[in-house]
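Peer 1: Sequence first, then the predicted structure, then my questions.
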Number of protein chains: 2
Amino acid sequence: MKIGIIGGTGDIGKGLALRLSNKHEIILGSREASKACEVAEETVCTLGERNCASLCRGVSNEEAVRDADIVVISVMFQHVAPTLAGINSKYLENKIIISPVNPMGRKDGYFFFNPPAEGSAALAIEKMLPQSAKIVTAFNNIAAHKWTLLDEELDYTVAVCGNDVEAKKTVMKLVSEVSKLHAVDAGPLAVAGIVESLTPLVLNIAQNNGMKDVGVHFS
Amino acid sequence: MKIGIIGGTGDIGKGLALRLSNKHEIILGSREASKACEVAEETVCTLGERNCASLCRGVSNEEAVRDADIVVISVMFQHVAPTLAGINSKYLENKIIISPVNPMGRKDGYFFFNPPAEGSAALAIEKMLPQSAKIVTAFNNIAAHKWTLLDEELDYTVAVCGNDVEAKKTVMKLVSEVSKLHAVDAGPLAVAGIVESLTPLVLNIAQNNGMKDVGVHFS
């Protein structure tokens, strides 16, 4: 499968490249293609040192979308609309779009969920996409820092939301190929806001209780 | 400590009576005191069979509040206002009030978070209490059914929210006395809605993935 990542030089892009590029083609997109190329080269190097093959390259955000079967939007919520506006929307048609986006803010020393009027980033992003695109939320609650620590397992539950049953199944299968992540069907897109809001919650729990890289397990 | 439970014949009341009445006085309140008495007697019986002492009694909701140091509001959100309206508010003054209340709904086969205009049950309940009362949220995400299964450990994280630092500490200590519950400071009351919304999420995860009594762990 070809997985294109908008904002692919961030933790999720780096992490997916390191953890999946031996099984899938990972296409890292960036506003600056040269930056994405660098990260892709680093990934190939790192995996090469471990005698692992790596199919990974860096391109512009638009090329990453164009060439992908599945697109991951890995930019902060406020950057999603301008970034998508710079991409030919026909490249997004019929594709599965994964949103790990969590709109949040910080004040008085704590993090809070700061959703748009639609109730969640996912529902707002859905409106920005062609109707034929199938948006699914995943990877929302994984500590950013953990993604790139290749020797550490990601042992968390990933709550996946979406309205297209087949797209959701595809994403759940993909999630479960990453380290020890365990994907669960968390319901339709209508409840994605709950999953997004978990990220400010785990950040509060981490800072208030002297914990590091807090993740979520449902069991 | 004297712990009074409004709606004490529900799962949380029964569970706290079974799991804490050997250490604390548990005062179960109910609209029908006779029903609370029955549950209290059952508790004493059950623990007696295990050679455990149990300090537990059943009374009216108002008496449960009057006699308690800490009050737990264990009724559905829509019943909180009418129930509190029937209790002399002076009995609530200066007390720690624990809210495990999660406002939610169900439609099209999934559960959703259905908060009042304040953003959470906790913030709405705060307005119904005397200013001197210290509201803290806890026990929001524990599978109802599990509370009363005395042979099963409750091995979950309990995210505790509140604005009064001392009250929050007291509640966290109390939570950690129950089975294997692990209390964490999840921030001020302003973010309690996130914790409340986790309950419809875990219900969706349970029903969509063939899981039972799903709980939450942060680690």
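Peer 2: Perfect, thanks for sending it.
Peer 1: doesn't A:Leu92 make contact with A:Ala133?
Peer 2: Yes - judged on Cβ atoms under 8 Å, A:Ala133 makes contact with A:Leu92 at a distance of 5.0 Å. Yep, even glycine has a C-beta here, placed from its N, CA and C like the rest.
Peer 1: how near is the most far-flung residue of chain A relative to its centre to B:Asp155?
Peer 2: The outermost residue of chain A relative to its centre, with distances by Cα atoms, centre = their mean, is A:Asp108 at 28.1 Å. In this structure, A:Asp108 lies at 33 Å from B:Asp155, with Cβ to Cβ, to the nearest Å as the measure.
Peer 1: Check A:Leu201 too.
Peer 2: Taking Cβ to Cβ as the measure, A:Leu201 and B:Asp155 are separated by 20 Å.
Peer 1: what about these two, which has more around it?
Peer 2: Higher neighbour count among A:Leu201 and B:Asp155: A:Leu201, with 30 against 13, using other Cβ atoms under 10 Å in any protein chain shown.
Peer 1: Could you tell me which residues make contact with that one?
Peer 2: When contacts are counted by Cβ atoms under 8 Å, 6 or more residues apart in numbering or on different chains, A:Leu201 touches A:111, B:159, B:186-187, B:191, B:194-195.
Peer 1: Among the residues you listed, which one sits closest to B:Ile6?
Peer 2: Taking Cβ to Cβ as the measure, B:Ile6 lies nearest B:Val195 of these, at 19.6 Å.
Peer 1: Could you report the neighbour count for that closest one?
Peer 2: Close neighbours of B:Val195, defined as other Cβ under 10 Å, add up to 26.
Peer 1: Could you verify that it is part of a strand?
Peer 2: No - according to DSSP: H, G, I helix; E, B strand; the rest coil, B:Val195 belongs to no strand; its state is helix.
Peer 1: So which residues of chain A form strands?
Peer 2: In chain order, chain A shows strands spanning A:2-6, A:25-30, A:56-60, A:70-73, A:96-99, A:104-107, A:110-113, A:134-137, A:157-162, A:182-187, A:216-218, with DSSP state E as the criterion.
Peer 1: Could you find the closest non-adjacent residue to A:Ala167?
Peer 2: Sequence neighbours aside, A:Lys134 is the residue nearest to A:Ala167 in space, at 3.8 Å (criterion: Cβ to Cβ, 6 or more residues apart in numbering or on different chains).
Peer 1: So which bits of chain A are right by chain B?
Peer 2: By Cβ under 8 Å from any Cβ of the partner chain, the residues of chain A that approach chain B are A:108, A:110-113, A:159, A:184-188, A:190-191, A:193-195, A:197-198, A:200-202, A:204-205, A:208-209, A:211, A:214-219.
Peer 1: Any quick ChimeraX command for the buried ones out of those residues?
Peer 2: To isolate the buried members of the residues of chain A next to chain B in ChimeraX, using 16 or more other Cβ atoms under 10 Å in any protein chain shown:
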select /A:110,111,112,113,159,184,185,186,187,188,190,191,193,194,195,197,198,200,201,202,204,205,208,209,214,215,216,218
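Peer 1: residues near the closest residue to A:Trp147 other than its chain neighbours, how many?
Peer 2: Spatial nearest neighbour of A:Trp147, chain neighbours left out: A:Gly15 (2.7 Å); criterion: Cβ to Cβ, 6+ apart. Taking other Cβ under 10 Å as the criterion, the count of residues near A:Gly15 is 25.
Peer 1: List the contacts of the most centrally placed residue in chain A.
Peer 2: Relative to the mean C-alpha position of chain A, the nearest C-alpha, by Cα atoms, centre = their mean, is the one of A:Pro100, at 4.1 Å. If a contact means Cβ under 8 Å, 6+ apart, then A:Pro100 has A:12, A:72-74, A:137-140, A:142 as its contacts.
Peer 1: Determine which two of these are furthest apart.
Peer 2: Pairwise distances across these (Cβ to Cβ) peak at 15.1 Å, for the pair A:Ile73 and A:Ile142.
Peer 1: So for those two, which sits in the more crowded spot?
Peer 2: Neighbours per residue, other Cβ under 10 Å: of A:Ile73 and A:Ile142, the larger number sits with A:Ile73, 28 against 24.
Peer 1: Please name the bridge partners of that one.
Peer 2: Taking DSSP bridges as the rule, A:Ile73 bridges to A:Ile6.
Peer 1: Tell me how far it lies from A:Val158.
Peer 2: Separation of A:Ile73 from A:Val158 (Cβ to Cβ): 16 Å.
Peer 1: and if you look at A:Thr137?
Peer 2: In this structure, A:Thr137 and A:Val158 are separated by 9 Å, where distance is defined by Cβ to Cβ.
Peer 1: which of the two has more neighbours?
Peer 2: Neighbours were counted for A:Thr137 and for A:Val158 using other Cβ under 10 Å; A:Thr137 has more, 30 against 26.
Peer 1: what's across from the more buried one in the sheet?
Peer 2: Per DSSP bridges, residues listed as beta-bridge partners of A:Thr137: A:Ser99, A:Cys161.
Peer 1: how much space between it and A:Val195?
Peer 2: The value you get for A:Thr137 to A:Val195, if Cβ to Cβ is used, is 6 Å.
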